[in-house]
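Student: Fold the following, please.
(2 chains)
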Amino acid sequence: MSALRVRFAPSPTGYLHIGGARTALFNFLLSRKEQGTFVLRIEDTDVARSTQESTDAILQAMEWLGLSYDEGPYYQSERFDLYRRKVEELVQSGLAYRCYCSAEELEAKREAALKAGAKPKYDGTCLGRTDHPAGVPFVVRFRAPQDGETTFPDRIKGAITFQNEELDDLIIQRSDGTPTYNFVVVVDDAEMGITLVIRGDDHINNTPRQILLYGALGYPVPEFAHVPMILGADKTRLSKRHGATSVMAYRDLGYLPEALVNYLARLGWSHGDQEIFSMEELIEKFSLENVGRSAGVFNPEKLLWLNAHYIKTGDPQRLAGLLEGHLAALGVATAGGPPLPSVVRTLQERAKTLVEMADGAAFYYREDYPFDAEACAKHLTADRKPVLEALVRRLEAVSDWNHQGIEEAFVAVMEETGLKLGKFGPAVRVALSGGTASPGIYEVLEVLGRSESLRRLGRGIDSIV
RNA sequence: GUCCCUAUCGUCUAGCCCGGCCUAGGACACCGGCCUUUCACGCCGGCGACGGGGGUUCGAAUCCCCCUGGGGACGCCA
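Tutor: Just a heads-up that it's a prediction; the model follows:
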């Protein structure tokens, strides 16, 4: 174990989204590579918005992606005593003070400042206040220095400097007594011994005030690595209107976790020209040095391409297991039909998602599938009847029901009738699958088995009027 | 508005730190061709970028400055 300790700290106010997943992934990869410790912490100080369902959803998504952690999950809602003690410590030392301004007053001042073109900043009304009006609710503010500057070396962006006069006295404890984000994140990262904070770069602006807080509380300041945001096609922050943003939604859409992990890793990080990475490879090759500095646009097409790749190269047995659910969603029962792994093999090169694969696999398990009207009119015509009947005879005589035996039967039919495969292949396909797009007909025949194949062929012949 | 971050093909990016090997490489998408019993896969080819302006230098995508564009933050949310 190296000294590296990183963490992922989502707030349970919704599902795990694409951006959060990538932050978690980077933390996970680095901790594994450096043999450090990966801590999971649930930031649920906003009691009103946090839910157990969200926590469960996040945990489930991380598990699906294969992002395991070494410590936690810790819940901030269980650590309020600690935070309260720390707030008290700051108040006692004069580094924090009570503020009796009402939320309404503050809001009005903020709007006025924004309107006047100035940066909204707390005006310090209660800064020198010494009275303690009874019964008036108050918040606790951290006193920020107004001179000098705060600078830190970001592992991804380089040195970042803020003038302290840009900062104001932030609220660290609400009027209901609960602590706020900027405060607890510092206390926890310090108390949990986090040595490197990897998070979205929307947190860069919070960093200087957090650094000041570390100092005030007597904690060592960790290192920071701010990862660029993920944007939608219109270059604005990725959100629901850009399509699915929930990690689990991709599972339901038929994506494989390794495809999403690979995609997310390559969005903002690279290793030369390499595009395909297994989790093991990512752990071996990941490094902060190769993380880009600018925001990236989420590209669903590339994710789809990666998914197709992993479906193509995946283990049929495993894919079959994953496909089961998608088939069930279509109302397709696989019991009694051809073995699913065999079916999967015929579709791996054709399906880009498991949903597509389920669509393509359905006909194998439907005994009474309808014939596509157009395909039927075009291919299941009266003049094809003799060839199909000849084919049935040949197939009945095949001794070994495998690809080779089936192919030999077709060759015999072609010799017997003088017809090319192009002349009657489509008719066979429609009879077997109901439509014009399917895996190769020899494969379908083989997987379906002789009796079912013959039954379907007979059904096709019977449909010819 | 203020502050912070950022800037190579439509998109993800290599190259930039240590200037010349860059007539800028790869991938997705798109277009064309090949393969072919359908749909796909695959293979081959094509289209396509250093935001603009100043410097520094024999030489700049690479170094410096300005402008512009894009993103983010400015909550008793995290």
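
Student: Contact partners for the residue nearest to A:L196 when sequence neighbours are not counted?
Tutor: Among residues not flanking A:L196 along the chain, A:E223 sits closest, at 4.6 Å (CB to CB, 6 or more residues apart in numbering). Using the backbone N, CA and C atoms, a C-beta is placed for each residue, glycine as well. Neighbouring residues of A:E223 by CB atoms under 8 Å, 6 or more residues apart in numbering: A:P153, A:R155, A:T195, A:L196, A:V197.

Student: backbone phi and psi for A:E223, please?
Tutor: phi -90, psi 160 (degrees, to the nearest 10).

Student: ok, now the one 4 residues further on?
Tutor: Reported as degrees, to the nearest 10, the phi and psi values for A:V227 are phi -90, psi 130.

Student: Compute the distance between it and RNA strand B, please.
Tutor: Counting by CB to the nearest atom of the strand, to the nearest Å, the gap from A:V227 to RNA strand B is 10 Å.

Student: again, but for A:P137
Tutor: From A:P137 to RNA strand B the distance is 6 Å (CB to the nearest atom of the strand).

Student: I'd say that residue and A:R174 touch.
Tutor: No. Taking contacts as CB atoms under 8 Å, A:P137 lies outside contact range of A:R174: 9.2 Å.

Student: more crowded one of those two?
Tutor: Using other CB atoms under 10 Å as the criterion, A:P137 and A:R174 rank with A:R174 on top: 16 against 12.

Student: re earlier: restrict the contacts of A:E223 to those near RNA strand B?
Tutor: Among the contacts of A:E223, not one lies near RNA strand B by CB under 7 Å from any atom of the strand.

Student: would you say A:Y364 is within a helix?
Tutor: Yes. Under DSSP: H, G, I helix; E, B strand; the rest coil, A:Y364 falls within a helix.

Student: give me the number of residues near it?
Tutor: 26.

Student: how about the CA coordinates for stretch A:147-166, as CSV?
Tutor: The C-alpha trace of stretch A:147-166 is given here as CSV (Å, rounded to 0.1, in the frame of the first residue of the first chain):
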residue,chain,number,x,y,z
ASP,A,147,-5.6,40.4,1.3
GLY,A,148,-2.9,38.3,-0.2
GLU,A,149,-3.6,35.4,-2.5
THR,A,150,-4.2,31.7,-2.3
THR,A,151,-2.5,29.4,-4.8
PHE,A,152,-2.2,25.7,-5.3
PRO,A,153,-0.5,23.4,-7.8
ASP,A,154,-3.2,21.4,-9.6
ARG,A,155,-2.0,18.0,-10.8
ILE,A,156,-3.9,18.5,-14.1
LYS,A,157,-4.1,22.2,-14.7
GLY,A,158,-0.9,23.5,-13.2
ALA,A,159,-0.7,26.3,-10.7
ILE,A,160,-3.9,28.2,-10.0
THR,A,161,-4.0,31.4,-8.1
PHE,A,162,-6.9,33.4,-6.6
GLN,A,163,-6.8,36.8,-5.0
ASN,A,164,-8.2,36.5,-1.5
GLU,A,165,-10.3,39.6,-2.0
GLU,A,166,-12.4,37.5,-4.4
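
Student: Poorly predicted segments of chain A, please.
Tutor: By pLDDT under 70, the low-scoring segments of chain A are A:1-2.

Student: Report the buried members of the contacts of A:E223.
Tutor: Neighbour-count burial (16 or more other CB atoms under 10 Å) is assigned, among the contacts of A:E223, to A:R155, A:T195, A:L196, A:V197.

Student: Can you tell me the closest non-neighbouring residue to the first one?
Tutor: Among residues not flanking A:R155 along the chain, A:A225 sits closest, at 3.8 Å (CB to CB, 6+ apart).

Student: Which members of the contacts of A:E223 are the farthest-apart pair?
Tutor: With CB to CB as the measure, no two of these lie farther apart than A:P153 and A:T195, at 13.8 Å.

Student: Which strands or helices does the host helix or strand of A:Y310 pack on?
Tutor: Using DSSP states H and E, A:Y310 sits within helix A:300-313. On a contact count with 3 or more CB pairs under 8 Å, 6 or more residues apart in numbering; DSSP states H and E, helix A:300-313 meets helix A:257-266.

Student: Doesn't A:G72 lie inside a strand?
Tutor: Yes. Counting by three-state DSSP, A:G72 is located in a strand.

Student: Could you tell me how many residues sit around the closest residue to it other than its chain neighbours?
Tutor: For A:G72, ignoring the flanking residues on the chain, the nearest one in space by CB to CB, 6+ apart is A:L40 at 3.7 Å. Close neighbours of A:L40, defined as other CB under 10 Å, add up to 22.

Student: what kind of secondary structure is A:L40 in?
Tutor: strand.

Student: and it, what are its bridge partners?
Tutor: A:F8 (DSSP bridges).

Student: That one touches A:R7, doesn't it?
Tutor: Yes. If you go by CB under 8 Å, A:L40 and A:R7 touch, sitting 7.0 Å apart.

Student: Mutual contacts of the two, please.
Tutor: Jointly contacting A:L40 and A:R7 under the rule CB under 8 Å, 6+ apart are A:G72.

Student: so where does A:A159 fall, helix or strand?
Tutor: A:A159 belongs to strand A:158-163, assigned by DSSP H and E.

Student: show me the residues around the closest residue to A:R384 other than its chain neighbours that make contact.
Tutor: Setting aside the residues directly before and after it, A:R384 is nearest to A:A427 in space (CB to CB, 6+ apart), at 4.5 Å. Each residue near A:A427 by CB under 8 Å, 6+ apart is listed here: A:H379, A:L380, A:T381, A:R384, A:V387, A:L388, A:G460.

Student: With A:R429 instead?
Tutor: A:H379, A:G435, A:T436, A:S438, A:I441, A:V444.

Student: How is the third one assigned, secondary-structure-wise?
Tutor: Secondary structure of A:T436, reduced to three states by three-state DSSP: coil.

Student: Is there contact, residue-wise, from stretch A:309-324 to RNA strand B?
Tutor: Yes. Using CB under 7 Å from any atom of the strand, stretch A:309-324 reaches RNA strand B at A:H309, A:K312.

Student: Could you pull out the buried residues of that stretch?
Tutor: A:H309, A:Y310, A:I311, A:G314, A:P316, A:L319, A:A320, A:L322, A:L323.

Student: Over to stretch A:106-124?
Tutor: A:L106, A:K109, A:P120, A:Y122.

Student: For that stretch, measure first residue to last.
Tutor: 11 Å (CA to CA, to the nearest Å).

Student: Show me which residues of the stretch 301-450 of chain A are close to RNA strand B?
Tutor: A:301-302, A:304-305, A:308-309, A:312, A:349-350, A:421-422, A:425-426, A:429, A:436-442.

Student: Any of these buried? List them.
Tutor: Members of these classed as buried by 16+ other CB under 10 Å are A:L304, A:A308, A:H309, A:G425, A:P426, A:R429, A:S438, A:P439, A:I441, A:Y442.

Student: so the second one sits right up against A:L354, yeah?
Tutor: No. Counting by CB under 8 Å, A:L354 is not a contact partner of A:A308; they are 11.0 Å apart.
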